[in-house]
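Visitor: output the structure for:
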Amino acid sequence: MRLLAISDLHLANATNRQALAALPAYPEDWLIVAGDVSESLADLAWAWKILTRRFARVLWVPGNHELWTLSSEPDSLRGEAKYHRLVEICRDFGVLTPEDPYVIWPSMPVPHVLAPLFLLYDYTFRPDHVAAETALDWAAETNTVCADEIVLHPDPYPSREVWCMERCQATERRLQAASTQGRLVLINHYPLRYDLVMLPRIPRFSLWCGTQRTEDWHTRFPVAAVVYGHLHVRSSQIRDGVRFEEVSLGYPKHWRSERGIGGYLREILPGQSELRTFAT
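Guide: Residues are numbered from 1 along each chain as shown. Just a heads-up that it's a prediction; the model follows:
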């Protein structure tokens, strides 16, 4: 019995979709899906039809792509309303979300609590010399602008920063309570630390990659591992004795189709990944 993880399936891409359809069954294992399944609600439901039949249990956290409001979708849900619709679809298939009680992984001598998180970002992943009010202009200097600025809406919050703050504050309270139950496995779409944002081709994209509010969560709480995606740069890192696992699949250019999606599933428990950056 293993706890496996992957993120950034991006099922709008035909190659990724075909690979998910071909994924074999892992009937004894649990699967973490750390966001960016698709922009489409129909694709999300299709993914759960497959994955819930091939794994014993599935956990999900939202990425930015799931939260997009697109004209091609049958509804125009925005912000928090869109997020709650995503949660409803997950619950239709028994997929655990950040809105559900945390569960204890049943196959370790010491209890490990699996904590799916939804935290967003607040533009604080930037160098110290870049002021908050000029951060977007700083990124735009290198033609770096995330599509979120157009299609990810914070409604009913006045900004993404405020939505992020609210999510972080509520999550901190939940993690504090869960800390009494055992060691934590934190699952988020975005990295929890700025120094994990390794994007040499688009370094200023860091603005849309997380929040400094979470920089010390791996030491404030009894954390065994942190699982995340978003970067499309698979890696396994150690910070203060804690494993940080970037588990994204990404677009077809980021992975080898001959390996299939199964070749990119990362074992989180009970095993431990080799500490390296993973090539495609």
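
Visitor: residue 126: neighbour count?
Guide: 19 (other CB atoms under 10 Å). Where C-beta positions appear, they are placed from N, C-alpha and C, glycine not excepted.

Visitor: can you pull out the helices in the stretch 101-250 of the chain?
Guide: 135-140, 148-151, 160-178, 217-220 (DSSP state H, counting those that start in this stretch).

Visitor: mind checking how far the second one is from the chain centre?
Guide: Distance, stretch centre to chain centre, for helix 148-151: 18 Å (CA atoms, centre = their mean, to the nearest Å).

Visitor: got the buried residues for it?
Guide: Across helix 148-151, burial judged by 16 or more other CB atoms under 10 Å covers 148, 151.

Visitor: give me the mean pLDDT for it.
Guide: Here helix 148-151 scores 97 as its mean pLDDT.

Visitor: show me the contacts for residue 19.
Guide: Taking CB atoms under 8 Å, 6 or more residues apart in numbering as the contact definition, residue 19 lies against 257, 260-261.

Visitor: give me the number of residues near residue 267?
Guide: So residue 267, with other CB under 10 Å, has 14 neighbours.

Visitor: and if you look at the one 4 residues further on?
Guide: Residue crowding around residue 271 was assessed by other CB under 10 Å; the count is 11.

Visitor: correct me if wrong: it contacts residue 3.
Guide: No. Taking CB atoms under 8 Å as the definition, residue 271 is not a contact partner of residue 3, at 9.1 Å.

Visitor: quickly find the element holding residue 75.
Guide: Following DSSP states H and E, there is no helix or strand that holds residue 75.

Visitor: what sits against it?
Guide: Here residue 75 is in contact with residue 85 (criterion: CB under 8 Å, 6+ apart).

Visitor: ditto for residue 68
Guide: Counting by CB under 8 Å, 6+ apart, residue 68 touches 39, 147-148, 151-152.

Visitor: nearest residue to it other than its sequence neighbours?
Guide: Spatial nearest neighbour of residue 68, excluding adjacent residues (CB to CB, 6 or more residues apart in numbering): residue 151 at 4.2 Å.

Visitor: from residue 244, how far out is the one you found?
Guide: Residue 151 is 28 Å from residue 244, where distance means CB to CB, to the nearest Å.

Visitor: ok, now residue 133?
Guide: Taken as CB to CB, the span from residue 133 to residue 244 is 30 Å.
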